[in-house]
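Peer 1: pasting the sequence and the predicted coordinates here, then a few questions.
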Amino acid sequence: MNTTSMAPAAPPAPALLARLREHGLVLALVAITGLFQWLTDGTLLQPLNLTNLVLQNSFIVVMALGMLLVIVAGHIDLSVGSVCGFTGALAAVLMVQHDWPVLPAVAACLAAGALIGALQGWFVAYLAIPSFIVTLGGMLVFKGLALALLQGQSLGPFPDGFQALSTGFLPDLGADDEAPHASTLGLAVLLAVAAVLLPWRRRAQRLRHGMAVEPLATLLPRQAGLLAAVLGGGWLMASYKGAPLVLLLLLVLVAVYELLASRSVLGRQLYALGGNAKAARLSGIRTERLAFAAFVNMGVLAALAGLVFAARLNSATPKAGLGFELDVIAACFIGGASASGGVGRIGGAVIGAFVMGVMNNGMSILGIGIDYQQVIKGVVLLAAVCVDARNRHGA
């Protein structure tokens, strides 16, 4: 009897190309970063500017996590910028004018965000009003309420404890003040170890169950690049003031939402809802409740982003949040989300947010005017949507 080898065959070329398309966004971020690093004569990745890059984009990343889930569910939220500005104004009124302690004021603002998301989600989920219309109205309403709260004036400064939300840094546990920030280096090493070991653990589990795995031809270069990025970024931050506290907040949120989107029943139901709402409903998924929850979550994250932004400015301003929804939505679509729903990844939204952030920061360093910045960002967004459409129809 002839025997055949049971060793898994090498993946076909189309599968390898599909993997390369999946990692194309990472390659695009590396290319854009390298381009601006060259154009700015090395200024982009200076320790001070790298820290500012994280601080300037933290609130966009926070909102992108919620927006991705809304888009995956087949909806859109145009009000996030206005909700962000409104909750920042509410925080200023509570803490500056009425002397509320920081924690009760923060809790009240997050509760206000949840209430706003619930109100808009109720119209969308239970009255079947298109989310575009509902949130367009919300954008106008909450921008007006923010102006009313602030009476057209900036309000600040905030208490020191609240400012630390966006301007504080991880305490240094090292003994030498002139040495690199020991706590930040330790955090970078832990992240690097996790970033390398977790994919290999998942790969081993899939192999044990006879499932398809990512080929080593793409896995090894990706792991090497990720390791270099984490350790290199950690070293650069450690040579300045260390890791910002808001970076720790982002890491926790990204980990939680990655587990929610990819490892939970709720996450699978959201993707099913966005892929085919009627089929999801017939399979027993409570689609109205799911869409409602997505908007409540978006409201909470928009409120949190508003607090982070207000803490960074150390004041609430009438123009806070203006245009934020465009960067947040662009980050999700650049990160691979589909306008038709049912497609998108948390990691993609985060990378998309930093693509937008690197472009904003690099163009500002180069002195490019805001007019041309908007043109360039619009072209990049359109290109990302075109690539998504081509991949979906050409696959």
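Peer 2: Ah, there it is.
Peer 1: domains in this structure, by residue range?
Peer 2: For the chain, automatic domain parsing gives the domain ranges 41-168+244-394, 185-242.
Peer 1: ends of the last one, what's the gap?
Peer 2: Which is domain 185-242. 8 Å (Cα to Cα, to the nearest Å).
Peer 1: how far does it sit from its chain's centre?
Peer 2: Domain 185-242 sits 19 Å away from the centroid of its parent chain (Cα atoms, centre = their mean, to the nearest Å).
Peer 1: just the first one next, same as before
Peer 2: Relative to the mean C-alpha coordinate of its chain, domain 41-168+244-394 is positioned 7 Å out (Cα atoms, centre = their mean).
Peer 1: going forward, count from 877.
Peer 2: With 877 as the first residue, the last one maps to domain 917-1044+1120-1270.
Peer 1: pLDDT on that domain, on average?
Peer 2: Averaged across domain 917-1044+1120-1270, the pLDDT comes to 89.
Peer 1: quick one on the thing from earlier: could the domains of the chain go into TSV alongside distance to residue 900?
Peer 2: C-betas here are computed from N, CA, C, even on glycine. As requested, the domains of the chain are exported to TSV (distance: least, Cβ to Cβ, whole Å):
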stretch	distance to residue 900
domain 917-1044+1120-1270	8
domain 1061-1118	11
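Peer 1: mind putting the ones you listed into JSON lines with distance to residue 905 and mean neighbour count?
Peer 2: Below are the domains of the chain laid out as JSON lines (distance: least, Cβ to Cβ, whole Å; neighbours: other Cβ atoms under 10 Å):
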{"stretch": "domain 917-1044+1120-1270", "distance to residue 905": "5", "mean neighbour count": "20"}
{"stretch": "domain 1061-1118", "distance to residue 905": "9", "mean neighbour count": "15"}
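Peer 1: wait, doesn't residue 1008 sit right on residue 955?
Peer 2: No: assessed by Cβ atoms under 8 Å, residue 1008 is found out of contact with residue 955, at 10.6 Å.
Peer 1: and residue 938, how far is that from residue 903?
Peer 2: 25 Å (Cβ to Cβ, to the nearest Å).
Peer 1: scratch that, residue 1250 is what I was asking about
Peer 2: In terms of Cβ to Cβ, residue 1250 sits 25 Å off from residue 903.
Peer 1: and if you look at residue 1238?
Peer 2: 17 Å.
Peer 1: and for residue 1040?
Peer 2: Where residue 903 is concerned, residue 1040 sits at a distance of 36 Å (Cβ to Cβ).
Peer 1: to which secondary structure element is residue 1167 assigned?
Peer 2: helix 1163-1189 (DSSP states H and E).
Peer 1: give the other helices and strands that that helix contacts.
Peer 2: helix 923-948, helix 956-968, helix 978-1001, helix 1036-1043, helix 1141-1151, helix 1153-1158 (3 or more Cβ pairs under 8 Å, 6 or more residues apart in numbering; DSSP states H and E).
Peer 1: which of those sits closest to residue 1133?
Peer 2: helix 923-948 (4.8 Å; Cβ to Cβ).
Peer 1: show me what the closest one is packed against.
Peer 2: Against helix 923-948 (3+ Cβ pairs under 8 Å, 6+ apart) you get helix 956-968, helix 1036-1043, helix 1092-1114, helix 1121-1139, helix 1141-1151, helix 1163-1189, helix 1200-1210, helix 1222-1241.
Peer 1: what element comes up after the shortest one heading to the C-terminus?
Peer 2: Scanning forward in sequence from helix 1036-1043 by DSSP H and E, the next helix or strand is helix 1058-1084.
Peer 1: coming back round to it: also compute the angle for the helix holding residue 1167 relative to helix 1200-1210, please.
Peer 2: 120 degrees (axes from the mean of the first three to the mean of the last three Cα atoms, to 10 degrees).
Peer 1: as a markdown table, the helices and strands packed on helix 1163-1189 with distance to residue 1222 would be great.
Peer 2: Formatted as a markdown table, the helices and strands packed on helix 1163-1189 follow (distance: least, Cβ to Cβ, whole Å):
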| stretch | distance to residue 1222 |
| --- | --- |
| helix 923-948 | 6 |
| helix 956-968 | 17 |
| helix 978-1001 | 19 |
| helix 1036-1043 | 22 |
| helix 1141-1151 | 9 |
| helix 1153-1158 | 20 |
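Peer 1: can you tell me, leaving aside adjacent residues, what's nearest to residue 1236?
Peer 2: Once flanking residues are discounted, residue 1236 sits nearest to residue 1249: 6.9 Å by Cβ to Cβ, 6 or more residues apart in numbering.
Peer 1: give me the element the one you found is part of.
Peer 2: Assigned by DSSP H and E, residue 1249 falls within helix 1246-1270.
Peer 1: of the domains of the chain, which is nearest residue 907?
Peer 2: Each of the domains of the chain has some distance to residue 907 by Cβ to Cβ; the shortest is domain 917-1044+1120-1270, at 10.0 Å.
Peer 1: about what we covered before: who are the contact partners of the residue nearest to residue 1236?
Peer 2: Applying Cβ atoms under 8 Å, 6 or more residues apart in numbering, we find residue 1249 in contact with 1235, 1236, 1239, 1240.
Peer 1: and the contacts of stretch 1092-1111?
Peer 2: With Cβ under 8 Å, 6+ apart, stretch 1092-1111 has contacts from 892, 895-896, 899, 902, 906, 926, 1056, 1060-1061, 1063-1065, 1067-1068, 1071-1072, 1075, 1079, 1119.
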